[in-house]
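J.: 3D model of this:
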Amino acid sequence: MHGIVHKTLEEYVVERTDDDTWDTIVERSELEPKLYLPVSHYDDDEIDAILETLSGMATQDRAAIERDFGRRLAPELLSTFSAHVGSDWDLPELLVGLEDVYDDIETATDETSLPELSCTRESDHATVTYDTHRDRRYCGLAHGILDGLVAAFDADATVTKTDCVEDGADACRFRVDFE
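T.: Presented below is the predicted three-dimensional model:
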């Protein structure tokens, strides 16, 4: 997984707790402490271990933590990959352009393996389809990233999950209603 995810997860935890809690989570996750660099790549297992430990220590379930973290991650992703996003795009244009953005990012680096995304747009909403090859699906994270994109664009929109692989669907689908 791209280092920006790991780095932002650490920042997310420290912002809500403190450095000592982050150190405890890393220790309980049986990981070696390290400095996560946004341009490096790290094993998905590290994210899984941290999220599992965090959900075990918190009062929220993992999906809720993933979604909240996704909201925090979205602006970091926009900043990191801003060269691939049109400077004049609004939220609907970004959603429709996600496939091209992903293709650009995968072409730019051999190490990045991104989920499959597609988007169809109607006049009043968009449907984003998310599927991943990863063992862990990160459905909550995808939902949170979409929520975070709505906030980052200061858009008057709502995100609703309509299908989920965890409920037997072939992919996760989210409806973004433009109000």
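J.: for the helix or strand bottoming out on mean pLDDT in the chain, buried residues please.
T.: Ranking every helix and strand in the chain by mean pLDDT, DSSP states H and E puts helix 91-108 at the bottom, with a mean of 84. Neighbour counts over helix 91-108 (16 or more other C-beta atoms under 10 Å) mark L91, P92, L94, L95, V96, G97, L98, V101, Y102, I105 as buried. C-beta: built from backbone N, CA, C; applies to glycine.
J.: can you check stretch 169-179 too?
T.: Counting neighbours by 16+ other C-beta under 10 Å, stretch 169-179 gives A171, C172, R173, F174, R175, V176, F178 as buried.
J.: ok, these vs R137, which is closest?
T.: Checking the buried residues of stretch 169-179 against R137 with C-beta to C-beta, the nearest one is C172 at 7.2 Å.
J.: wait, doesn't P75 sit right on A152?
T.: Yes. The criterion here is C-beta atoms under 8 Å, and P75 meets it with A152 at 4.8 Å.
J.: start and end of stretch 29-49, how far apart?
T.: With C-alpha to C-alpha, to the nearest Å as the measure, stretch 29-49 spans 5 Å from end to end.
J.: stretch 34-50 too?
T.: 13 Å.
J.: picking up where we left off before, who does the least confident helix or strand of the chain touch, helix- and strand-wise?
T.: strand 116-121, strand 125-131, helix 139-152, strand 172-178 (3 or more C-beta pairs under 8 Å, 6 or more residues apart in numbering; DSSP states H and E).
J.: if we go to 7 Å?
T.: The contact analysis (3 or more C-beta pairs under 7 Å, 6 or more residues apart in numbering; DSSP states H and E) places helix 91-108 against strand 116-121, strand 125-131, helix 139-152.
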